[in-house]
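> Quick one: sequence plus predicted model below, questions after.
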Amino acid sequence: MIKLKFFGLGGQGIVTAAKTLSEAVSIYEEEYAITVPSYGHERRGAPVNTSIIIDSKPVLLNCFVYEPDLVLVSDASFLTREIDIGAGISPNAVLVLNTEEETVARQFKKTFGFREVYYADATGIAVKNIKRGIPNSAMLGILAKTGIVKIESVTSAIKSAFGAKTGGTNADAAKEAYDAAKKI
């Protein structure tokens, strides 16, 4: 069982990213997944988080994740917000982060105690590919670099979720982020 927690801001597509990951795992990798979103104030720019549980057998839990193995953060401002993205993480927890700055990635690692950090400029990649600063698909590309899900599964799920109109460009953003991802 792998427990994930996604953090983002309203309007960044964090809930859509979690649902797309669940589809990638469930349909294209024949695993099981459940997604439980928490919307907060339900407004653009407000903090949002989503819990995902992935397992090789049916997931019978339907609850938030309190002890994540992997945390995804789609906005570096969480470093200074009063939200502890490292709460409950295990000593082997991994962070997937939207930043182009290695110093920011190192600061997250030190502040919250993550074992590894995978990072890339997901927002910049999104702007380049989809012409909007919505980093959800690019974040899934960085996540794929951790090995939890194959990039082919991610791009297939993105194309399915976003349809013919924007699926291809969003899948391109995921692939570019996968290729650009760095690890510390």
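Ah, there it is.
> Show me what the lowest-mean-pLDDT helix or strand in the chain packs onto, helices and strands only.
Across the helices and strands of the chain, mean pLDDT, DSSP states H and E gives its lowest value to strand 32-38, namely a mean of 91. Applying 3 or more Cβ pairs under 8 Å, 6 or more residues apart in numbering; DSSP states H and E, we find strand 32-38 packed against helix 14-28, strand 47-55. Using the backbone N, CA and C atoms, a C-beta is placed for each residue, glycine as well.
> Where does the prediction get shaky in this protein?
Flagging of the chain using pLDDT under 70 yields the residue ranges 39-43.
> all helices of it, in order?
14-28, 102-112, 122-130, 136-145, 151-180 (DSSP state H).
> and of these, who's closest to residue 91?
Comparison of those against residue 91 by Cβ to Cβ identifies helix 102-112 as nearest, at 12.1 Å.
> Tell me the buried residues in the closest one?
104, 105, 108, 109, 112 (16 or more other Cβ atoms under 10 Å).
> Can you list the helices and strands that that helix packs against?
When contacts are defined as 3+ Cβ pairs under 8 Å, 6+ apart, helix 102-112 sits against strand 94-98, strand 116-120.
> at 10 Å instead, please
The contact analysis (3 or more Cβ pairs under 10 Å, 6 or more residues apart in numbering; DSSP states H and E) places helix 102-112 against strand 70-73, strand 94-98, strand 116-120, strand 182-183.
> Would you tell me which one of the helices of the chain is buried the most?
Of all the helices of the chain, helix 136-145 has the most neighbours on average by mean count of other Cβ atoms under 10 Å, namely a mean of 29.
> Go ahead and flag the most central residue of the protein.
With distances taken as Cα atoms, centre = their mean, residue 72 lies nearest the centre of the chain, 4.3 Å away.
> before we move on, back to that, save the helices and strands packed on helix 102-112 as CSV, and put in distance to residue 135 too.
Shown next, in CSV, are the helices and strands packed on helix 102-112 (distance: least, Cβ to Cβ, whole Å):
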stretch, distance to residue 135
strand 70-73, 10
strand 94-98, 5
strand 116-120, 10
strand 182-183, 16
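> Minimum distance to residue 169: which of these has it?
strand 116-120 (17.1 Å).
> wait, what's in contact with the nearest residue in space to residue 75 that is not next to it in sequence?
Computed as Cβ to Cβ, 6 or more residues apart in numbering, the closest residue to residue 75 that is not its neighbour in sequence is residue 9, at 5.2 Å. With contacts defined as Cβ atoms under 10 Å, 6 or more residues apart in numbering, residue 9 is in contact with 40, 43, 44, 45, 46, 47, 48, 74, 75, 77, 78, 81.
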